[in-house]
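Chemist: Everything below, folded, please.
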Amino acid sequence: ETMYQRFLREHVDSTGTGGNSSYCKKMMQEREMTRPRCKRFNTFIHEDIGTIKNICKTPQIPCKNGKMNCHEGEVRVTDCRLTARFRGNCRYQGRGSSRRVVIACQGKLPVHFDNYL
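Modeler: Down below sits the predicted model:
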C-alpha cells in the first residue's frame, strides 16, 4: 500500500455524508483501523478526490514535523473519536462539520492527514 493509497483508505469517503457515531463504527471497521487495536482518532473527508488533490496546489505551510510540504483547505469531514474499547470492540463518537484541514502532499498527491483537533 503506497502512502497515497493509505491516505485514501483512512481519510477519503467521497460518497458518504457521515457525521454520526454509527458511521464511525462502520467505517473504522471497514477501513481496517480497529485491528490490532482501535485507532484513537480519525477524520474522513467527504469530498471527491479532485477537490482534495486541489488542496495540494495551495501555498505550502509547515507541517507539525517541520517539513514544508503541507497545505490547507476547507472541506466537509467526519471526525471519529474513540470513546470505549471492550473485547476488541471499538466505540466511536462521530461529529460532522465543515472545517479547515491540513494535509501533507508528495507532488500532487495527498499522503498524510496532518491536523487532528
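
Chemist: List the residue ranges of this protein that fall below the pLDDT cut-off.
Modeler: Scanning the chain for pLDDT under 70 picks out 116-117.

Chemist: Relative to its centre, which residue of it is most distant?
Modeler: With Cα atoms, centre = their mean as the measure, the chain has its most outlying C-alpha, relative to the mean C-alpha position, at residue 87: 25.2 Å.

Chemist: buried set for stretch 22-29?
Modeler: 23, 24, 25, 27, 28 (16 or more other Cβ atoms under 10 Å). In short, each C-beta sits where N, CA and C put it, glycine included.

Chemist: Residue 48: which of those is nearest?
Modeler: Set against residue 48, the nearest of the buried residues of stretch 22-29 by Cβ to Cβ is residue 27 (17.2 Å).

Chemist: Just read off the phi/psi values of the closest one.
Modeler: Main-chain torsions, residue 27, degrees, to the nearest 10: phi -70, psi -40.

Chemist: quick one: the strands in the protein?
Modeler: 41-45, 70-86, 89-106, 109-113 (DSSP state E).

Chemist: buried sites along the longest one?
Modeler: So that's strand 89-106. 90, 92, 94, 95, 96, 101, 102, 103, 104, 105.

Chemist: And the first one, by the same measure?
Modeler: Along strand 41-45, the positions that meet the burial threshold by neighbour count (16+ other Cβ under 10 Å) are 42, 43, 44, 45.

Chemist: still on that earlier bit, name the nearest of the buried residues of strand 89-106 relative to residue 1.
Modeler: residue 104 (16.5 Å).

Chemist: Give me the distance between that closest one and residue 85.
Modeler: Residue 104 sits 28 Å away from residue 85, taking Cβ to Cβ, to the nearest Å as the criterion.

Chemist: what does residue 54 give?
Modeler: On the measure of Cβ to Cβ, residue 54 and residue 85 end up 37 Å apart.

Chemist: Cool, thanks, signing off.
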